[in-house]
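[1] kindly generate the corresponding structure for this input.
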Amino acid sequence: MSFSHDTAASGGALPWRIRPIEEPEFPTFVAVFEEAFASAGDPSRHAERARPIAEFDRTLAAFDGDRVVGTTGIRSFTMTLPGGQRPVAGVTAVSVLPTHRRRGILSALMRRQLSDIRERGREAVAALFASEAPIYGRYGYGPAARSVDLTLRRGEGALRADAPRDPALRVRLAAPKEVRKELALVHQGSAAQRVGEFVRDDNWWKVLLEDPEDERGGFSEAKCALVEDDAGPLGYALYRIRPAWDAHGLADSALHVGQLHATAPAAYALLWEHLLSRDLVTTVTAGNRPVDDPLLHLLTERDRARSILTDNLWVRLVDLPRALEQRAYSAPVDLVIEVTDRVCPWNAGRWQLSADTRNARCEPAEREPDVRLDVATLGAAYLGGTRLGSYAAAGLVTEEREGAVAELDTALSHPTQPHCGVIF
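    Below you'll find the predicted structure:
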């Protein structure tokens, strides 16, 4: 379903209109989003912080009369997918005011957004972070990546004796904004190695390095540990410290790692060794880490890293044949998949996927399918971190030819788990 830029949803049957906002409307847009999410703070200040990365022609609002009652937007990313970096529509700021829930506004916004993405033609894939998991499966998004939050206590972060080390490396402490160029250089190299990471331009770095005091949760300002050698930077960690002393006068400080990236194993190990051995710190936490974080292999006792699993990226195939053709495959595959798609009917039907490790083609097919599945399930497997076999075991994928699911799983697989380090 597609709506023109200033038309009433459902052919005028509903009292609101959906259109891209104008720049002066952005503070109101943010205020509605933050009201829906029960956020604290000053919406006008938050709008000013987010303005550098706002794309107003892709920022949709639903209006009841002249009042904004629903929101959604897109960040135009270049994201690492299996096989290389590709355009991806990063969906953000999805909300409906509490006074207007259960009226179809969210459905109208999501359908309009997907139609707009298709018509623009830049991206074949959309991705988002889901605040509530049950919502987005209805619109064809599947959970494609997971994150882990880690906690280590004093004495539990020792690295193995055979962890990679390089005597040419050194750690330098700096204020994050003073080393922004070095951070960007490291992240550029690291992002190319991790499916799910997106390229951060200058505007994104400006937003990410803002550090308002009232959003620190009792922790210090952001700090940076930079690992480098004579040739330049090879890794960085952004972290905060919350100093504390217990009732007996003993140190009980906490250190929280917000970001950590490196382009060489020895730099990665040195960063963690530095953070996990800080004096006076009794607890180190790291949020939003990949589930296959190399740290887990470097620790002497990996079970000491207490972990909590959470969802990371959800993926939606907007242009299914183009999405399947633009990614790389780990093994040859040739089969027909029958896809259901209730929101984007142009994706529904039978498709023949023929791929080797270099090229892929996906074309309409007439013969009987080898595999039947929903577009959200295919989206969950798209980044290579989710096995379709587990969906088949749950009865959510139908295998019509024996061995077809295993063939497709093998072709879609990727050696590392997908992950995005910034919630957009």
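
[2] make it CA atoms for all contacts and neighbour counts henceforth
    Noted.

[3] for this protein, which segments are assigned as helices?
    For the chain, the helices defined by DSSP state H occupy 26-36, 43-50, 105-120, 133-136, 180-191, 202-208, 265-276, 295-298, 320-326, 375-381, 388-393, 404-412.

[4] so which of these is the most surrounded?
    Using mean count of other CA atoms under 10 Å, the stretch among the helices of the chain with the largest mean neighbour count is helix 375-381, at a mean of 25.

[5] who are the packing partners of that helix?
    Contacts defined by 3 or more CA pairs under 8 Å, 6 or more residues apart in numbering; DSSP states H and E place helix 375-381 against strand 142-143, strand 313-317, helix 388-393.

[6] low pLDDT regions in the stretch 151-300 of the chain?
    The model of the stretch 151-300 of the chain has no residue with pLDDT under 70.

[7] related to what we said a few turns ago, so which of the helices and strands packed on helix 375-381 comes closest to residue 332?
    helix 388-393 (16.7 Å; CA to CA).

[8] CA atoms only for the closest one, dumped as CSV, please.
    Output of helix 388-393 as CSV, limited to C-alpha atoms (Å, rounded to 0.1, in the frame of the first residue of the first chain):
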residue,chain,number,x,y,z
LEU,A,388,16.5,-21.6,9.2
GLY,A,389,16.7,-25.1,10.5
SER,A,390,15.7,-23.9,14.0
TYR,A,391,12.6,-22.3,12.4
ALA,A,392,11.9,-25.5,10.6
ALA,A,393,12.1,-27.4,13.9
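
[9] state the mean pLDDT of that helix.
    For helix 388-393, mean pLDDT rounds to 98.

[10] how far off centre is that helix?
    In terms of CA atoms, centre = their mean, to the nearest Å, the centre of helix 388-393 is set 23 Å apart from its chain centre.

[11] and the angle from the top strand by length along the chain to helix 105-120?
    If each strand of the chain is counted by residues according to DSSP state E, the longest one is strand 67-81. Strand 67-81 and helix 105-120 are oriented at 50 degrees to each other (axes from the mean of the first three to the mean of the last three CA atoms, to 10 degrees).

[12] between the helices of the chain, which gets nearest to residue 144?
    helix 375-381 (4.0 Å).

[13] so how far is the closest one off the chain centroid?
    15 Å.

[14] also stretch 309-327?
    11 Å.

[15] for it, measure first residue to last.
    27 Å (CA to CA, to the nearest Å).

[16] where along the stretch 201-350 of the chain do the strands fall?
    Ranges of strands in the stretch 201-350 of the chain, per DSSP state E, counting those that start in this stretch, are 223-229, 232-242, 253-262, 281-290, 306-311, 313-317, 333-340, 349-355.

[17] need those in CSV (columns: distance to residue 49 and mean neighbour count).
    What follows is the strands of the stretch 201-350 of the chain, written out as CSV (distance: least, CA to CA, whole Å; neighbours: other CA atoms under 10 Å):
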stretch, distance to residue 49, mean neighbour count
strand 223-229, 20, 21
strand 232-242, 19, 22
strand 253-262, 19, 21
strand 281-290, 22, 21
strand 306-311, 26, 15
strand 313-317, 23, 29
strand 333-340, 40, 22
strand 349-355, 43, 20
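
[18] from residue 221, how far out is residue 275?
    For residue 275, the distance to residue 221 - CA to CA - is 16 Å.

[19] now residue 100
    Residue 100 sits 38 Å away from residue 221, going by CA to CA.

[20] tell me which of these two has more neighbours.
    Applying other CA atoms under 10 Å to residue 100 and residue 221 shows that residue 221 carries more neighbours, namely 16 against 13.

[21] contact partners for the closest residue in space to the more buried one that isn't next to it in sequence?
    Excluding the flanking residues, the one nearest residue 221 by CA to CA, 6 or more residues apart in numbering is residue 240, at 6.3 Å. The contact partners of residue 240, by CA atoms under 8 Å, 6 or more residues apart in numbering, come to 219, 220, 221, 222, 223, 255, 256, 257, 258.
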